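K.L.:
next one to model:
(one chain, ligands or ions: 2)
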Amino acid sequence: MENESIKALREALEHSPTNLPLRLHLAQSLLNLLQYDEAEKEFKKILSQDPQQTKAKVGLAKVYFQKEQYKTTIVILEEIIPGNSDEALQVMYCKALLRSGSTKEAGEVYRELVGFNPALRDEELDQQFRSYHFDQGEGGEEDLYDEDAMESIRPTINFNHVGGMNRVKEEIDLKIIKPLQHQELYAAYGKKIGGGILLYGPPGCGKTHLARATAGEIDASFISVGISDVLEMWIGSSEKNLHEVFERARSQTPCVLFFDEVDALGASRSDMRQSAGRQLINQFLSELDGVKANNDGLLIIGATNAPWHMDPAFRRPGRFDRIIFVEPPDQAGREAILQIMLAGKPLGKLDLRAVAKKTEGFSGADLQAVVDICVEDKLKAAFSSGVPEPIQTKDLLKASKIHKPTTREWFNTARNYALYANESGLYDDILSYLKIKK
Ligand SMILES: Nc1ncnc2c1ncn2[C@@H]1O[C@H](COP(=O)(O)OP(=O)(O)OP(=O)(O)O)[C@@H](O)[C@H]1O
Ligand SMILES: [Mg+2]
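P.N.:
Residues are numbered from 1 along each chain as shown. Ligands and ions are numbered 1, 2, ... in the order given. Below you'll find the predicted structure:
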């Protein structure tokens, strides 16, 4: 049954079928009455007469969104959002992305959206992308986010699951594990405990993996914090969020507090949110220093691909005072990594040394890709033959020809910093890796 006003609108349109504002009114009324199919018809009629009618496009996007045709919604919104100031459309766009399975993209769009205008926060999207959010005051809405806002886990991997990286493991052992386990000894020699380790290097070479394994090695809890989350998601209360992150870590020592992409802190200064960035850096530094709180039992590890973007203040004693280059694994490292990655799979008699030899420049992530390719091939074969065949050396060699190593690009950038901005030999490790300097 159509209601009276719809009926009246339809009658009026019979007399003047080309009256677009009138038809738009009808279409929007239908939409409001949740009569999506009818509304769709009218919006389309409008667009067939005037393909530039933005309001009809907006209406149509809403219709498709309601009809759960998200891909179509996205196509329309991508056309109309540029040049349209209605922010609600962007929220709809974000939801359409999320619901159609483009989770990562949705997260990026949402982050940006809320960064510009926190009022646009939306419950469904918050649920999905909740980050390290801690609201003002006690109770109330805070509880919605608090519980698992910051994932704290007990990693099940330890140093045995990390191939190669012996130098880095040693540094971590000496700098943060031993001090934790033998506090009295350090005290006896008057050696101060504290500070953190900064791991830097090309992507995929095991920084995150090693940080996790460090926590597992000493049976500590592990909290991983993406700085850009703290920074962007809830702009305005970033300092407070950061403080909460530290407090939570302090409340469950021993704890490895891992800051990923920590360079985002420095980078923030050059963008438009300058003052916010500076304040956040200061907050971070005072948390690191443990001025107002006790950082005992807290192991702080930072990781970055772009150490050159970091504020030098981070490198002072007691802060990130060990800066470690995490380079692509050498031949022995690659062999060890492959061994770890292949453990438990059906294997033939393997010559991993030969594979390691042929994979110069491969990162851990690249080696993982090689193994994945092999496993997929074997699975495919097993589906047709019905028998799982073991992985052979030649399979690995073949896969390593298909996958191209991903670390070179990073070195192209790093080389420049190492050559021209190498304050006090900070990047000597890069130079010696590149055999530019001993
Ligand atoms: N030394 C290693 N031993 C075992 N596995 C490794 C090693 N290095 C890397 N991997 C594997 O490669 C993958 C990528 O490593 P990880 O995420 O730690 O790299 P990353 O240095 O943190 O990279 P990014 O800079 O991109 O964050 C991990 O899933 C891990 O399984
Ligand atoms: Mg990482």
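
K.L.:
mind saving the C-alpha coords of stretch 79-99 as CSV?
P.N.:
Presented in CSV, the C-alpha positions along stretch 79-99 are these (Å, rounded to 0.1, in the frame of the first residue of the first chain):
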residue,chain,number,x,y,z
GLU,A,79,32.6,9.0,-8.6
ILE,A,80,30.7,11.4,-6.4
ILE,A,81,32.7,11.7,-3.2
PRO,A,82,35.4,14.0,-4.7
GLY,A,83,33.8,17.4,-4.7
ASN,A,84,31.1,16.4,-2.3
SER,A,85,31.3,17.8,1.1
ASP,A,86,28.9,15.4,2.7
GLU,A,87,31.1,13.4,5.1
ALA,A,88,28.3,10.9,5.7
LEU,A,89,29.0,9.6,2.2
GLN,A,90,32.5,8.8,3.2
VAL,A,91,31.4,6.9,6.2
MET,A,92,29.1,4.9,3.9
TYR,A,93,31.9,4.4,1.5
CYS,A,94,34.0,3.0,4.3
LYS,A,95,31.3,0.6,5.5
ALA,A,96,30.7,-0.6,1.9
LEU,A,97,34.5,-1.3,1.6
LEU,A,98,34.4,-3.2,4.9
ARG,A,99,31.3,-5.2,4.1
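
K.L.:
buried ones in the one helix or strand residue 370 maps to, by neighbour count?
P.N.:
Using DSSP states H and E, residue 370 falls within helix 364-385. Within helix 364-385, the residues scored as buried using 16 or more other Cβ atoms under 10 Å are 364-371, 373-375, 377-378. Quick note: C-beta positions are derived from backbone N, CA and C, even for glycine.

K.L.:
relative to ligand 2, which residue of this structure is the closest?
P.N.:
Relative to ligand 2, the nearest point of the chain is residue 208 (3.2 Å; Cβ to the ion).

K.L.:
that residue and residue 305 touch, don't they?
P.N.:
No: with contact defined as Cβ atoms under 8 Å, residue 208 does not count as touching residue 305 (11.3 Å).

K.L.:
leaving out sequence neighbours, find the closest residue to the closest residue to ligand 1 within the stretch 201-350 of the chain.
P.N.:
Nearest residue of the stretch 201-350 of the chain to ligand 1, counting by Cβ to the nearest ligand atom: residue 206, 2.8 Å away. Distance criterion Cβ to Cβ, 6 or more residues apart in numbering; nearest residue to residue 206, sequence neighbours excluded, is residue 364 at 4.7 Å.

K.L.:
need the pLDDT of the one you found.
P.N.:
The predicted local distance difference test score for residue 364 is 96.

K.L.:
that older thread, could you dump the buried residues of helix 364-385 into TSV with distance to residue 403 added?
P.N.:
Supplementary listing: those in TSV, determined by distance: Cβ to Cβ, whole Å:
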residue	distance to residue 403
364	13
365	10
366	6
367	9
368	10
369	5
370	5
371	10
373	6
374	10
375	13
377	12
378	16
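
K.L.:
on that earlier part again, and the helix holding residue 370, is it in reach of ligand 1?
P.N.:
Yes: Helix 364-385 reaches ligand 1 (Cβ under 6 Å from any ligand atom) through 364, 365, 368.

K.L.:
packing partners of that helix?
P.N.:
Packing partners of helix 364-385 (3 or more Cβ pairs under 8 Å, 6 or more residues apart in numbering; DSSP states H and E): helix 331-342, helix 393-402.

K.L.:
the strands in the stretch 151-300 of the chain, which residues?
P.N.:
Along the stretch 151-300 of the chain, the stretches classed as strands by DSSP state E, counting those that start in this stretch are 152-153, 196-200, 221-226, 255-260, 298-304.

K.L.:
and the ones you listed, which one is worst for confidence?
P.N.:
Of all the strands of the stretch 151-300 of the chain, the minimum mean pLDDT falls on strand 152-153 (a mean of 78).

K.L.:
partners of the residue most central in space within the chain in the sheet?
P.N.:
Closest residue to the average C-alpha location of the chain: residue 226 at 6.7 Å, with Cα atoms, centre = their mean. Counting by DSSP bridges, residue 226 is bridged to residue 260.

K.L.:
where does the stretch 201-350 of the chain dip in pLDDT?
P.N.:
Scanning the stretch 201-350 of the chain for pLDDT under 70 picks out 228-236, 265-277.

K.L.:
element containing residue 97, please.
P.N.:
For residue 97, the host element (DSSP H and E) is helix 87-99.

K.L.:
and the helix or strand just after that helix, what does it pack against?
P.N.:
Next along the chain after helix 87-99, taking DSSP H and E as the criterion, comes helix 103-116. Here helix 103-116 touches helix 87-99, helix 123-129, going by 3+ Cβ pairs under 8 Å, 6+ apart.

K.L.:
which positions in the shortest one come out as buried?
P.N.:
Neighbour-count burial for helix 123-129, counted by 16+ other Cβ under 10 Å, picks out 125, 126, 128, 129.

K.L.:
now the third one: how far from residue 110?
P.N.:
Right, the one you point to is residue 128. Noted for residue 128: a distance of 8 Å to residue 110, by Cβ to Cβ, to the nearest Å.

K.L.:
ditto for residue 217
P.N.:
Taken as Cβ to Cβ, the span from residue 217 to residue 110 is 36 Å.

K.L.:
okay, those two: which has more neighbours?
P.N.:
residue 110 (25 against 21; other Cβ atoms under 10 Å).

K.L.:
how about the contacts made by that one?
P.N.:
94, 122, 125, 129 (Cβ atoms under 8 Å, 6 or more residues apart in numbering).

K.L.:
check the closest residue to ligand 1 within the stretch 1-150 of the chain and give its pLDDT.
P.N.:
The nearest approach of the stretch 1-150 of the chain to ligand 1 comes at residue 104, 14.6 Å away (Cβ to the nearest ligand atom). pLDDT recorded at residue 104 is 82.

K.L.:
and residue 324, what element?
P.N.:
Residue 324 belongs to strand 320-325 when assigned by DSSP H and E.

K.L.:
what parts of the stretch 51-200 of the chain come near ligand 1?
P.N.:
Of all the residues in the stretch 51-200 of the chain, those lying near ligand 1 are 162, 163, 164, 165, going by Cβ under 6 Å from any ligand atom.
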